[in-house]
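>>> return a 3D structure for these sequence lines:
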Amino acid sequence: MALASVRPATAADADAVAQVQRTVWTSAYAELLPPGAVDGFDTDAVARAWADPIAAGAVRIAVESDAVVGFCAAGPASTEDLADAAGAVPDDASSVGLVAALLVEPRWGRRGHGGRLLVETASALRAGGATRAIAWVPERDVASRRFYERAGWDPDGTVRTLDAGGRPLREIRVGGTLDLEFRPEPSLDDLDLPLLP
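Numbering: from 1, shown residues only. The predicted structure is shown next:
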């Protein structure tokens with residue numbers, strides 16, 4: 001396996017971040033998004049939209065060799081993201097982080113990039129004063145739900161439904177500790193994969 005690492009994104013990475021987002025949306029999320037949702041995906045406009053979060057230090061990228069293969073965007077959780085079904089916000093709201101996006105190109109999956117991204121992001125959130133974090137995950141995205149479960153992040157019972165271009169997208173909220181450690185361990189799902197050269 002080539003050398004893999006995680007680092008803060010720079011302005012020069014915006015195009016690569018947008019390309020990862022487009023690739024994930026057109027492949028892994030194809031069944032979750034409405035038909036045609038990605039047809040008008042403007043990679044240049046999306047790259048420009050990532051400029052401010054990148055400048056604020058909210059985005060980390062996973063790199064293998066020289067290729068950007070994934071990214072994670074995170075920061076303080078908003079009141080809207082933290083509220084329960086009745087609108088109540090937890091007492092520790094000011095110290096809760098939000099993993100807003102964690103995407104790895106499918107062809108680079110199962111190589112530890114997601115785990116490294118989450119560990120490095122958790123460390124950055126801790127350094128910023130967060131004590132725990134949450135993420136919203138599409139209910140039908142089994143791979144992402146399992147990923148967070150392996151990190152010890154569990155559903156807290158809160159769900160929301162978004163309008164994804166006329167198609168409802170149901171998401172569950174997961175959350176957990178920021179005290180994470182990267183330990184690549186093969187799962188049962190990995191045992192039937194060919195060995196990488």
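
>>> report the beta-bridge partners for the residue nearest in space to the middle of the chain.
Among the residues of the chain, the one closest to the centroid is Leu102, at 1.4 Å (CA atoms, centre = their mean). Applying DSSP bridges to Leu102 yields these beta-bridge partners: Cys72.

>>> and the helices in the protein, which stretches?
Assigned by DSSP state H, the chain shows helices spanning 14-26, 43-55, 79-82, 113-127, 142-150.

>>> highest mean neighbour count out of those?
helix 113-127 (a mean of 21; mean count of other CB atoms under 10 Å). Glycine gets a C-beta too; all of them are placed from N, C-alpha and C.

>>> so that helix versus helix 142-150, what angle?
Taking axes from the mean of the first three to the mean of the last three CA atoms, to 10 degrees, one finds helix 113-127 and helix 142-150 inclined to each other by 50 degrees.

>>> how far is helix 113-127 from where the chain is centred?
Computed by CA atoms, centre = their mean, to the nearest Å, the separation of helix 113-127 from the middle of its chain amounts to 10 Å.

>>> quick check: the residue nearest to the centre of the chain vs Ala28, distance?
Separation of Leu102 from Ala28 (CB to CB, to the nearest Å): 12 Å.

>>> do Arg170 as well
Taken as CB to CB, the span from Arg170 to Ala28 is 17 Å.

>>> got any ranges where the chain has weak pLDDT?
Scanning the chain for pLDDT under 70 picks out 1-2, 34-35, 37, 183-197.

>>> what about 80?
1-2, 28-40, 164-167, 182-197 (pLDDT under 80).

>>> so who does the residue nearest to the centre of the chain touch?
Taking CB atoms under 8 Å, 6 or more residues apart in numbering as the criterion, Leu102 is in contact with 70-73, 114, 117-118, 121, 135, 144.

>>> just to revisit the earlier point, with neighbour numbers in mind, choose between Arg170 and Ala28.
Set Arg170 next to Ala28 and count neighbours by other CB atoms under 10 Å: Ala28 wins out with 17 against 13.

>>> tell me the phi and psi of that one?
Here is the backbone geometry of Ala28 (degrees, to the nearest 10): phi -60, psi -30.

>>> identify the bridge partners of Ile61.
Taking DSSP bridges, one obtains Arg7, Phe71 as the residues bridged to Ile61.
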